[in-house]
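K.L.:
got a sequence here, can you build the structure:
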Amino acid sequence: MSIAYQLKLPPFAPAVILLSSLLLGGCASSAGSSLMDARAEVPTSQKTSSYPAVFDPSPKRKIPAMTPDERSKLSQELNAALDRAAAAKAQGGPLKPINR
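P.N.:
Sure, this is the predicted structure:
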């Protein structure tokens, strides 16, 4: 034996469903244009960027970053600091900061 359940809707239910589908359908489309024009309305992106492209080489410098004299002085300072660190490590004492 089976019992059939019947769903009883109020008489205005089909009208509510139809009206809500029309209202929601109106939100999906923009006024005055079709969905095919959606790409035409999108503004084109600008190709300018503050970052250089990945594989573009950087432009050559007009003046070098360091002169040969500055480079040799920096190399001597680095070697002296490494020698002091090696000597302090050999003595077993803590490293002392350099005051300038």
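K.L.:
hey, let's count contacts and neighbours off CA atoms from now on
P.N.:
Fine.
K.L.:
neighbours around residue 52, how many?
P.N.:
10 (other C-alpha atoms under 10 Å).
K.L.:
now do the SS call for it.
P.N.:
Counting by DSSP: H, G, I helix; E, B strand; the rest coil, the backbone at residue 52 sits in coil.
K.L.:
list the contacts for it?
P.N.:
By C-alpha atoms under 8 Å, 6 or more residues apart in numbering, residue 52 lies in contact with nothing.
K.L.:
tell me how far it lies from residue 65.
P.N.:
20 Å (C-alpha to C-alpha, to the nearest Å).
K.L.:
next SSE after the lowest-mean-pLDDT helix or strand in the chain?
P.N.:
None of the helices or strands of the chain scores lower by mean pLDDT, DSSP states H and E than helix 38-41, at a mean of 61. Toward the C-terminal end, the helix or strand that comes next after helix 38-41 (DSSP states H and E) is helix 68-91.
K.L.:
and that following helix, average pLDDT?
P.N.:
Averaging pLDDT along helix 68-91 yields 92.
K.L.:
quick thing: my sequence starts at 841, can you match it?
P.N.:
All set: I'll call the first residue 841, so the last point we hit is now helix 908-931.
K.L.:
then it to PDB, C-alphas only?
P.N.:
Extracted in PDB, the C-alpha atoms of helix 908-931 (Å, rounded to 0.1, in the frame of the first residue of the first chain):
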ATOM      1  CA  PRO A 908      88.900  50.800  -9.100                       C
ATOM      2  CA  ASP A 909      90.300  52.700  -6.100                       C
ATOM      3  CA  GLU A 910      87.100  52.200  -4.100                       C
ATOM      4  CA  ARG A 911      87.000  48.500  -5.100                       C
ATOM      5  CA  SER A 912      90.500  47.900  -3.900                       C
ATOM      6  CA  LYS A 913      90.000  49.800  -0.600                       C
ATOM      7  CA  LEU A 914      86.800  47.700   0.100                       C
ATOM      8  CA  SER A 915      88.600  44.500  -0.700                       C
ATOM      9  CA  GLN A 916      91.500  45.400   1.700                       C
ATOM     10  CA  GLU A 917      88.900  46.200   4.500                       C
ATOM     11  CA  LEU A 918      87.100  42.900   3.900                       C
ATOM     12  CA  ASN A 919      90.400  40.900   4.000                       C
ATOM     13  CA  ALA A 920      91.400  42.700   7.200                       C
ATOM     14  CA  ALA A 921      88.100  42.000   8.800                       C
ATOM     15  CA  LEU A 922      88.300  38.300   7.900                       C
ATOM     16  CA  ASP A 923      91.900  38.100   9.300                       C
ATOM     17  CA  ARG A 924      90.700  39.700  12.600                       C
ATOM     18  CA  ALA A 925      87.800  37.200  12.800                       C
ATOM     19  CA  ALA A 926      90.100  34.300  12.100                       C
ATOM     20  CA  ALA A 927      92.500  35.500  14.800                       C
ATOM     21  CA  ALA A 928      89.700  35.900  17.400                       C
ATOM     22  CA  LYS A 929      88.400  32.500  16.600                       C
ATOM     23  CA  ALA A 930      91.800  30.900  17.000                       C
ATOM     24  CA  GLN A 931      92.200  32.600  20.400                       C
END
